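Colleague: fold the following, please.
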Amino acid sequence: MWLVYILLIAAAAVLLILSAKEKIRADPDTETMNRMFLKSAAFLDRILRKAFGKGGRKKAGESAHIHEDMKLLYPSGAEHRAYRYRVEKLSGLLFFCFVGAAVSLLILLSGRMEGRLTEDGRILRNPYGGGEVWVELKADTGTEEKDIQLQVEERQFTREELEEMIAKITAALEEEIKGENESLDEIRTSLVLPDSVDGYPFSIAWLSGDYERIQADGSVNNAEIEQKGELVELTATLTYLDQTWEEEFMVRVCPPILTPEEESRRQLEKEAQENEKEAVHEESFPLPEQLGQQKIVWKEKAEDNSPWFFAIILLAGAVQYRFSDEALKKKLVRREEELLRSYPEFVSKLVLLMGAGLPVRAAFMRMAADYQKKQKKARSYVYEELLLACHEMESGVTELQAYEHFGQRCRLPQYRKCMALLSQNLKRGASGLLPALLEESERSFEERKRSAREEGEKAGTKLLLPMMMMLVVVMILIMVPACFSFAGM
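Modeller: All right, here's what the predicted structure looks like:
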């Protein structure tokens, strides 16, 4: 996997270099994770559009409904906003790919840096008090690889150091001795000689009647034993302060049932363990260099969890990419809510200007000009649509079409009804437009009041749970002192 991570990081670096001249900058509202690869995303988007032609947008991740939503949210610059939205989504995905590869590579490298196999073929021990450790190795003979599991004890204390210590131990159970063996009368694998005190050389002191067969750590050497087996006496010395107990166990060591591959692995383990025992007071020890006539190349097995981290981070990037559209939908909902709130004010201003003698078109132009003066202070969706309608009329679109487009873009029935009144006035020249708009203005204000009451009722419902919790707290504050006062009486 390390090669995949390096290739991904290198690809990200190449993208950053190639896209350095892209003319795009992050907006103030651009999310942090979408900023780093913004230029790279723009570069990829341009390449995709060139490669796929008119279908490049869809290949780059922009669907038709998103483009339409952008027209609703940003009437004046929908094309540019759709382009930035597409590029920012792609930038977020590139960010997650890069971070996933970098983090996973660091995890992989940190796991390999903690290895115990040195370059000169020696195994490092734990320091004093570090405890024993199992090292998983690969023995490469040139024709095959063998998995070797080697038990490496911590660096042992010298006799002078041991004499300065006091061993304080507790006993272990008899059933633990046999380990994975069926019974003590048939021992084929290592015994379990438990130790319960960390930082001391002994917790239970085990003595073997034959250390060639059973060593002090419980490992069994039964490679060259006869089929009938050999009896070995084990003595466990349990010590607690100044008291000691001794228990004797007779165990029968039987030969293992090994395949040729297991036999060669056992031979390697035996030689490596012998080297470990011979250099028990040294910081490291050598591994066997040959198995028969075959030269051995040792490799340490390192657990690689980095693919899981890489998959999780990529999944997070995919989720972020998928649910980016949800934020767009929320913006559309907020837009409709703002349009609904702005409707009474819009109709009221229209009625006021028309009552002053201005025709509908001039009223539209006047409201658009007033909005442009304060556009930097506050942005309004209804006046953005109004501004777009004025631009259409200035560019040659008829008033009737401009009003119809205005109602279609706002999408709410209130605006469509208002625009229908204006269109009807243009078609038929009816004289009752102003009274109809006055009636519509009064009705919209009533609907706004009703909507405000409904929102207040919803807020009251949401506050019900906190109020109940506060009531419980008040009841506790009242009842607890009262109970204590009665108990005192």
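
Colleague: now do stretch 117-137, average pLDDT.
Modeller: Summarised as a single mean, pLDDT over stretch 117-137 is 74.

Colleague: repeat for stretch 289-307
Modeller: 81.

Colleague: residue boundaries of the helices in the stretch 201-350 of the chain?
Modeller: Using DSSP state H, counting those that start in this stretch, the helices of the stretch 201-350 of the chain run over 260-278, 306-322, 324-355.

Colleague: need the contact list for the residue nearest the centre of the chain.
Modeller: In the chain, the residue lying closest to the centroid (CA atoms, centre = their mean) is I313, at 4.7 Å. I313 makes contact with F96, V99, G100, V103, S104, according to CB atoms under 8 Å, 6 or more residues apart in numbering. All C-beta atoms are positioned from the backbone trio N, CA, C, and that covers glycine.

Colleague: that one and H67: what is the separation?
Modeller: In this view, I313 and H67 are 30 Å apart by CB to CB, to the nearest Å.

Colleague: circling back to that earlier point, which of the contacts of I313 lies closest to A11?
Modeller: Taking CB to CB as the measure, A11 lies nearest G100 of the contacts of I313, at 12.8 Å.

Colleague: for that closest one, grab the count of nearby residues.
Modeller: By the measure other CB atoms under 10 Å, the count of residues near G100 is 22.

Colleague: pretty sure it belongs to a helix, no?
Modeller: Yes - under DSSP: H, G, I helix; E, B strand; the rest coil, G100 falls within a helix.

Colleague: touching, it and G317? I think so.
Modeller: Yes - G100 is in contact with G317 according to CB atoms under 8 Å; the separation is 7.1 Å.

Colleague: rewinding a little: let me know the closest of the contacts of I313 to E282.
Modeller: S104 (36.4 Å).

Colleague: quick one: low-confidence parts of the stretch 351-489 of the chain?
Modeller: Low-confidence segments of the stretch 351-489 of the chain (pLDDT under 70): 375-377, 429-431, 487-489.

Colleague: an error on my part: the question was meant for the stretch 51-200 of the chain.
Modeller: Using pLDDT under 70, the stretch 51-200 of the chain drops low at 53-64, 76, 111-115, 119, 128-130, 156-175, 195-200.

Colleague: related to what we said a few turns ago, can you tell which of the helices of the stretch 201-350 of the chain is closest to G456?
Modeller: Minimum separation from G456 across the helices of the stretch 201-350 of the chain (CB to CB) falls at helix 324-355, 14.5 Å.

Colleague: check which element follows the closest one along the chain.
Modeller: As assigned by DSSP states H and E, the chain's next helix or strand after helix 324-355 is helix 360-373.

Colleague: and that following helix, how far out from the chain's middle?
Modeller: In terms of CA atoms, centre = their mean, to the nearest Å, the centre of helix 360-373 is set 50 Å apart from its chain centre.

Colleague: now do the buried residues in it.
Modeller: Neighbour counts over helix 360-373 (16 or more other CB atoms under 10 Å) mark V360, R361, A363, F364, M365, R366, M367, A368, Y371 as buried.

Colleague: and the closest residue to the residue nearest to the centre of the chain other than its chain neighbours, how far from P307?
Modeller: Excluding its sequence neighbours, the residue lying closest to I313 (CB to CB, 6 or more residues apart in numbering) is G100, at 3.4 Å. G100 sits 10 Å away from P307, going by CB to CB.
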